[in-house]
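Peer 1: Below are the sequence and a predicted model; questions follow.
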Amino acid sequence: METRLKTLSIRAATPVLAVVAFVAILFFPECIPAQTKASAGPPTSSGFYPLSEVHRGLKGTAWTVFTGSEPEAMDVEILGVLRGARGPGHDMILAQLHGTKPEYTGVVAGMSGSPVYIDDRLLGSLSYRIGQFSKDPIAGITPIEQMLEVRDLPVENLAVPPGAVDPPAALSELLDQEPGRSGQFQQAVIQAMETPLVMSGFSPGAIQLWQKRMTGTGLDIVAAGGMGGSSHSSSEPSAKAIAGIVPGSAVSAQLVRGDLEIAATCTVTYVDPKQLLACGHPILQAGAVSLPMTATEVVTTLASPLNAFKIVNTGATIGAFTDDRDSAIRGLFGAKARMIPLHIRVHEGDKERRLNAEILDMTPLTPQAVTVVLYQALVQDNNSSLETSYHLTGNVELDGYPPSPLDLWTAGGEGLGAALEMAVRTGDQFSRLFSSGSRQGMVRAVTLDVTAVPNRVGVELVSAKIESSDMVHAGDTVVVEATLRPWRQPTRDVRIRVKLPARLQSGNLRLLVSDAGTLDRTLDQPRMQSHPPNLETTLALARRQHPADRLYVSLLMPETQAGMEGQTLTGLPLSMANALEPLRTAQETTLNGESAEVAGEAPAGGLLSGFALLNLRVEAGGGLN
């Protein structure tokens, strides 16, 4: 009986409680926990909260994704405004986060850009952390006014102009009205929230190589994550994925996509029918950029007092990021980013492996991306070892120029390892083309073909000699015998027949028996340059490089040789040499008293090193042969 009376009392009180709750919601919305108000998701059309009205004690709500793709609410308490904390005239709002999840995880890498609302008006984005081991989840907020400056910048660097893919109707309804730095700061305790990279498909060694080459750029912090299938699906923007983007959603900027992926993740602050703003701070502050923009799923959020971050899978393409600025990064829905195709084939005996990727077009990151992707392609096989050697050939295709060839060898068992040396040398040679200040057209594609040799391929030039007498005449044919020693194999002799020019005058003549590197340095002697070589010079030098697996015999003729703009001019008359003398003084060219002419060559059977100089005495009169 007593139980029945209690039940009846509760039922009778239910309508009264409902009325009280309704009145509380209607007249005192600020008393409702953020989690209760969060059911409808982030506000989308209530305008902006001006910085001039911000003061201590304000209560608001921030939105971010902790798991999945739906933003969750956090309570925010405004602590005050730090005047000029982000630079002169660039204030930062200081706030403390409340709620079970933010108080457990703290300020998380990947949370930057999380929108903060007061009275359903957008105040700005969570963008900065305070300290490294702080017990309280205190964050800095970038004011929305400063982020909107990025929204209104003109658009550059798109492969497809904005509007090529119309945003879906559902996105147009998100906002129906609007009212009118990476790294540490001056204060050591205030720094931008990290934008962690997801490096999918890379081995620990490749990740360490990237981190070493990216130290100090803000792109050396790598978090766990995956590609989530986006890299194997169409790069066309997905209307369905675009429709799911709201303030608080996670998004990623892809630096590399395809069989491998490198992507930076942060949170969306602002959305309108055409574009979004995210991060609240720069990734690199590179200015105008062109990077694929993808939706992102948060698998989980890892709590750590040292390095808390979101573990993510990138998703479908939704557009392209066009700006990386001090206050925000901007992305356009439906736009296509300009990327550089990179195709790699690795041959190991009768097996062939292929790796296809697209890499960002941005100085100086593109050469680093080529380096780390190639390194991964070389080491991702069980047959790879410290003894493995590599021979790489390929082409870099540039607008307006013939393909620039690549032909490189690295021997196993030496230095840093053949795979790493090959990746670094290829990246450096590509960088000379890509970073040339005179390049005007795009890099259309990079194609690399690598042969892996399961042993050391080093060959040493032991000695060289003239088989017959060193007394010769103009027009004679002499035989040069070179002794070569392959790695841990018996020596062998190589003979090269050399025809002496009929124009030779009596006197001494030197022969250079050498590897390719020595020959190339002889033809293009080092010099101090007043400015970096232009693209035409760089291309000419690349085309003139000699294969490193051959033995060369060159005549050092007693004639003037000039090197200029990547070309070597031999046998110059004295009058021309005098005319080029002012250019040598201006460090634009080189002049040498001997001209090197390749007179013969032969296969060396591996990566040759060493040189020898032979002396001949040219006698007047006709020769015997």
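Peer 2: Good, I have the coordinates.

Peer 1: And the helices in the stretch 51-200 of the chain, which stretches?
Peer 2: With DSSP state H, counting those that start in this stretch as the criterion, the stretch 51-200 of the chain has helices at 100-105, 144-151, 169-172.

Peer 1: What mean pLDDT does the second one get?
Peer 2: This points to helix 144-151. Helix 144-151 carries an average pLDDT of 93.

Peer 1: list the helices and strands that helix packs on?
Peer 2: When contacts are defined as 3 or more Cβ pairs under 8 Å, 6 or more residues apart in numbering; DSSP states H and E, helix 144-151 sits against strand 121-130, strand 261-271, strand 275-278, strand 329-333. (Glycine included, C-beta is placed from N, CA and C.)

Peer 1: The stretch 151-300 of the chain: strands as residue ranges?
Peer 2: Residue ranges of the strands in the stretch 151-300 of the chain, as given by DSSP state E, counting those that start in this stretch, are 190-192, 197-200, 222-223, 225-226, 250-258, 261-271, 275-278, 287-302.

Peer 1: so what strands line up beside the second one?
Peer 2: Put plainly, it is strand 197-200. strand 222-223 (parallel), strand 261-271 (antiparallel) (DSSP bridges).

Peer 1: Tabulate the CA atom coordinates of the last one in CSV.
Peer 2: Once non-C-alpha atoms are left out, strand 261-271 reads as follows in CSV (Å, rounded to 0.1, in the frame of the first residue of the first chain):
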residue,chain,number,x,y,z
GLU,A,261,49.2,9.2,-46.8
ILE,A,262,50.5,12.1,-44.8
ALA,A,263,47.7,14.3,-43.4
ALA,A,264,47.4,17.0,-40.8
THR,A,265,44.2,17.1,-38.7
CYS,A,266,42.4,19.9,-36.9
THR,A,267,38.8,21.0,-36.2
VAL,A,268,36.3,23.1,-38.2
THR,A,269,35.4,26.5,-36.6
TYR,A,270,33.2,28.1,-39.2
VAL,A,271,31.1,26.9,-42.1
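
Peer 1: and it, what's its mean pLDDT?
Peer 2: On average, strand 261-271 scores 92.

Peer 1: Also stretch 76-90?
Peer 2: 85.

Peer 1: start to end distance for that stretch?
Peer 2: End-to-end distance for stretch 76-90: 21 Å, by Cα to Cα, to the nearest Å.

Peer 1: Output the lowest mean pLDDT helix or strand found in the protein.
Peer 2: In the chain, the helix or strand scored least confidently by mean pLDDT, DSSP states H and E is helix 169-172, which has a mean of 36.

Peer 1: Distance check, the nearest residue to residue 453 once chain neighbours are set aside against residue 451.
Peer 2: Sequence neighbours aside, residue 389 is the residue nearest to residue 453 in space, at 4.3 Å (criterion: Cβ to Cβ, 6 or more residues apart in numbering). Remark: distance between residue 389 and residue 451 (Cβ to Cβ, to the nearest Å) = 9 Å.

Peer 1: Please say which of these two ends up with more neighbours.
Peer 2: residue 389 (24 against 15; other Cβ atoms under 10 Å).

Peer 1: Tell me how far that one lies from residue 607.
Peer 2: Going from residue 389 to residue 607 by Cβ to Cβ gives 7 Å.

Peer 1: Now do the shared contacts for those two.
Peer 2: 409, 410, 411, 457, 458 (Cβ atoms under 8 Å, 6 or more residues apart in numbering).

Peer 1: Among these, which one sits closest to residue 151?
Peer 2: residue 410 (48.0 Å; Cβ to Cβ).

Peer 1: Surely the closest one touches residue 548?
Peer 2: No: counting by Cβ atoms under 8 Å, residue 548 is not a contact partner of residue 410; they are 9.4 Å apart.

Peer 1: what's the domain layout of this structure?
Peer 2: For the chain, automatic domain parsing gives the domain ranges 29-337, 340-453, 458-619.

Peer 1: how long is the second one end to end?
Peer 2: Read it as domain 340-453. 29 Å.

Peer 1: State the mean pLDDT of it.
Peer 2: Averaged across domain 340-453, the pLDDT comes to 91.

Peer 1: For the helices and strands packed on helix 144-151, could you give me a markdown table that also reports mean neighbour count?
Peer 2: As requested, these are exported to a markdown table (neighbours: other Cβ atoms under 10 Å):
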| stretch | mean neighbour count |
| --- | --- |
| strand 121-130 | 27 |
| strand 261-271 | 28 |
| strand 275-278 | 28 |
| strand 329-333 | 28 |
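
Peer 1: just to revisit the earlier point, could you name every residue contacting both of residue 410 and residue 548?
Peer 2: Here residue 410 and residue 548 share the contacting residues residue 607, scored by Cβ under 8 Å, 6+ apart.

Peer 1: Looking at these two, which is more packed in?
Peer 2: Between residue 410 and residue 548, counted using other Cβ under 10 Å, the more crowded position is residue 410 (27 against 22).

Peer 1: Quick one: classify residue 432 as helix, strand or coil.
Peer 2: helix (DSSP: H, G, I helix; E, B strand; the rest coil).

Peer 1: So it is in contact with residue 539, correct?
Peer 2: No: taking contacts as Cβ under 8 Å, residue 432 lies outside contact range of residue 539: 9.5 Å.

Peer 1: residues near residue 490, how many?
Peer 2: So residue 490, with other Cβ under 10 Å, has 6 neighbours.

Peer 1: And the pLDDT at it?
Peer 2: Note for residue 490: predicted pLDDT of 95.
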